[in-house]
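Q: A structural model of the following input is requested.
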Amino acid sequence: MSNLEGNLEAARYFCTKHSWRGKYKRVFSVGRRAITTLNPQTLEVTNQWEYKDFLDIGPNAKVDNEFIITVRKSAKKSETMRFSCDYREDLLTETLRFRPLYGSLDGKQRNDEERFNAAKIHWSERKMPVVLSVTACSLNQHDAISKKLVCSYHFKNIEALALVSDFPGGFVLLHGGFGRMHMFVLEERDVLLRKVKENAATYIGFLLRIRQEAVSSSYFRDNRLGKFSSDDHVMSVSEFPVLKNSRRHPEPVQRILALSETCLVERDPATYSVVTLRPLADVFALIRGTKDPQQFGIEYVQGETRIYTSTDRDALLASVLDGVRASGNRDVVVKMHPTQRGMRHGPLSIPVDEEVESQLLRAIGASPPGEQFAHAVYMFNANVSYSGLLHAVTQDGFFMENKEKLINGALSALLAKEGDQDAISDGQLEEQFQALRRLFASKAGFAAFIALPGCREKMGWKVVKALKRKNDAITFAAVDMLNCLMQPMHDNYDLGQEQMNKGSLLSSKGFLQELLGAFTGHVNMGTGALVISALLDFLTFALCAPYSETTDSSHFDSLLEMMADLGRYLFRLFQHPSMAIVKGAGLLMKAIIEEGTSEIAAKMQDLSLAEGALPRHLITALFTSSSDNRMLTNRQLSRHLVGLWTAGHPVAQTLLHRVFPLGLLLYLDSSDDVPEERDR
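A: Below you'll find the model as predicted:
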């Protein structure tokens with residue numbers, strides 16, 4: 001059976017179909033024009049119903065993870081089918097978004113949503129007129145004038161509802177997984193809340209409750225941002241001015257996008273008030289668009305995407321990427337194109353199960369070169385976490401699948417079917433590097449870099465050809481893949497294997513010169529912050545403790561000498577707007593001075609004065625006051641660098657004598673005993 005033309009897939013879910021023939025796996029696909037079931041082994045269409053023939057879908061009240069669909073059998077008859085899915089609430093929500101397109105046996109159009117005139121309490125504390133509508137899967141907010149949809153609060157993401165004690169007709173909706181509050185006021189509040197509870201239970205099988213204790217408007221004001229309402233979560237580490245594109249505003253609106261220790265915070269530039277925030281743990285991907293050099297998007301695990309433009313896009317993305325990874329979210333990925341939800345077999349918030357991973361690995365090996373292979377690679381990346389395969393080790397058991405064999409087969413296929421590296425599109429090449437990164441992140445993939453015949457040579461040529469494209473997105477993907485080979489991403493790694501991989505990558509001076517050429521080129525032009533950040537990570541894994549313990553001494557000395565010749569480029573990075581890049585440059589500078597010769601150390605000391613780095617780091621060392629661990633790390637690094645740059649350097653010491661007050665210096669040099677403290 002062929003797929004319906006123009007039926008773009010909105011979502012896919014891995015399910016089990018229950019019929020008189022037994023239970024068997026199916027992929028349940030929600031499209032723009034039809035519902036489709038696919039064979040998970042071959043992805044061939046087994047059933048398809050256009051929405052005019054798809055009559056209904058709902059939860060099975062008797063079994064928690066089951067749902068029932070009703071489809072047209074003939075003009076006057078229908079039939080039901082039963083499925084089970086671990087992500088039933090997500091599946092029903094995605095499918096019910098297209099409920100207005102469903103058919104019926106009597107020919108009447110489905111239009112059972114109710115609308116209410118209301119007001120929303122804006123972040124600026126003013127009342128804003130809105131229209132609320134209750135659908136089968138969500139509470140929707142519409143613009144009061146144009147009636148356009150502004151946002152949807154899906155029932156599955158609503159944590160609770162609460163009445164407002166000192167605001168007649170007011171209620172609060174807690175949403176988003178961290179208690180984020182939204183306050184609405186309307187005359188028919190009780191009718192709306194009753195309808196929301198009924199629809200959530202009837203269509204989604206989700207039990208929504210109204211809290212017994214009402215909240216006050218002052219409580220809402222103080223706790224609007226949920227568990228991230230305290231100052232610790234909104235205090236900025238770095239800030240960037242941006243323009244935000246949103247359905248709420250007809251034109252892009254000015255915002256300050258701030259990065260805190262735990263959150264991405266949007267502030268209003270006029271008042272510096274917090275407009276909204278999202279936890280860094282919820283970031284799924286950073287989209288570095290190809291059409292507009294200033295535009296980027298942030299995808300969240302709930303399925304939402306926020307679009308911004310910035311004149312300093314790459315520096316912003318490098319800072320966000322560093323912050324997200326530092327918060328413990330290792331799955332974030334930077335890519336050129338948005339994630340196609342119709343390619344993923346489940347929600348973004350939950351990793352796919354073991355069976356899906358195995359099927360995707362086999363698909364890479366079995367697909368013929370060309371478009372089918374490119375599609376298999378994209379499917380693999382859409383489903384497997386960027387931090388690597390979740391099920392990458394063979395389990396005990398006679399019938400258990402050999403995961404190492406599957407991973408090695410997929411790696412071999414990626415290198416054998418990669419296509420003409422000068423001819424394939426940028427998008428395909430980026431997907432190949434990101435697939436390789438996911439495979440190398442596993443223990444078997446990490447070992448295969450050395451063990452697989454021809455892997456090292458092919459990877460070297462692949463990276464060099466990628467660098468020649470002069471495309472920052474491709475270069476970043478290539479270097480990020482190399483970083484995965486320099487420092488293992490998996491647990492219980494073998495230090496000997498790490499040493500062999502690192503030695504193989506650092507053994508070619510020509511290869512390192514290619515990487516350093518990309519580094520110096522971007523530093524010279526003040527571009528490519530993402531590339532610079534990735535290359536700094538590569539150099540850190542080679543030269544900086546504790547990672548350098550597995551670097552061969554001859555490779556270490558050779559690379560250190562090459563970096564010492566680029567000292568002035570490192571100093572330029574101390575003026576960079578991205579704190580992640582400043583920190584990376586500081587770590588390398590520390591390694592060069594501590595591990596290099598006395599001549600190299602003296603050269604770096606002179607450059608610290610010539611490039612103005614010493615006074616900059618002196619300010620950071622003295623006046624940084626923060627509870628954020630990243631800021632404290634930068635302060636400690638600056639203090640260490642100031643000590644290294646001034647030790648035994650008379651000009652630098654003279655500068656410090658001129659900077660500090662004479663009284664303070666005399667006090668520090670005083671040999672008098674410390675006076676005893678007395679209570680007064």
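Q: where in the chain is pLDDT low?
A: Counting by pLDDT under 70, the ranges of the chain that qualify are 1-2, 107, 109-111, 393-401, 626-630, 677-680.
Q: any idea how far the spatially closest residue to residue 574 that is not a sequence neighbour lies from residue 575?
A: Excluding its sequence neighbours, the residue lying closest to residue 574 (C-beta to C-beta, 6 or more residues apart in numbering) is residue 613, at 4.7 Å. C-beta here means a position set from N, CA and C on the backbone, and glycine is covered the same way. Plainly put, residue 613 is 8 Å away from residue 575 if you go by C-beta to C-beta, to the nearest Å.
Q: how about the contacts made by the residue nearest to residue 574?
A: 571, 574, 607, 641, 645 (C-beta atoms under 8 Å, 6 or more residues apart in numbering).
Q: and if you look at residue 640?
A: residue 590.
Q: that one: which element?
A: Mapping residue 640 onto the secondary structure by DSSP states H and E places it in helix 629-646.
Q: got the end-to-end distance for stretch 300-315?
A: End-to-end distance for stretch 300-315, by C-alpha to C-alpha, to the nearest Å: 20 Å.
Q: in it, what counts as buried?
A: 300-303, 306-310, 312-315 (16 or more other C-beta atoms under 10 Å).
Q: would you list those residues in a markdown table and tack on secondary structure and distance to residue 330?
A: Below are the buried residues of stretch 300-315 laid out as a markdown table (DSSP: H, G, I helix; E, B strand; the rest coil; distance: C-beta to C-beta, whole Å):
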| residue | secondary structure | distance to residue 330 |
| --- | --- | --- |
| 300 | strand | 16 |
| 301 | coil | 13 |
| 302 | coil | 19 |
| 303 | coil | 20 |
| 306 | strand | 21 |
| 307 | strand | 25 |
| 308 | strand | 23 |
| 309 | strand | 28 |
| 310 | coil | 25 |
| 312 | coil | 25 |
| 313 | helix | 23 |
| 314 | helix | 21 |
| 315 | helix | 22 |
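Q: residue 139: which of these is nearest?
A: residue 302 (15.1 Å; C-beta to C-beta).
Q: contact partners for that closest one?
A: So residue 302 contacts 157, 176, 177, 282, 348, 349 (C-beta under 8 Å, 6+ apart).
Q: state the distance from the closest residue to the fifth one other than its chain neighbours to residue 347.
A: What it means is residue 348. Leaving aside its chain neighbours, residue 348 sits nearest to residue 301 (4.6 Å; criterion: C-beta to C-beta, 6+ apart). In this view, residue 301 and residue 347 are 8 Å apart by C-beta to C-beta.
Q: compare the contacts of residue 302 and tell me which is most surrounded.
A: Within these, neighbour counts (other C-beta atoms under 10 Å) peak at residue 176, which reaches 23 neighbours.
Q: tell me the contacts of that one?
A: Counting by C-beta under 8 Å, 6+ apart, residue 176 has contacts 157, 159, 226, 278, 302.
Q: go again with 7 Å.
A: By C-beta atoms under 7 Å, 6 or more residues apart in numbering, residue 176 lies in contact with residue 157.
Q: what are the phi and psi values for it?
A: Main-chain dihedrals, residue 176, degrees, to the nearest 10: phi 100, psi -10.
Q: same question for the one 5 residues further on.
A: Backbone geometry at residue 181, expressed as degrees, to the nearest 10, gives phi -100, psi 140.
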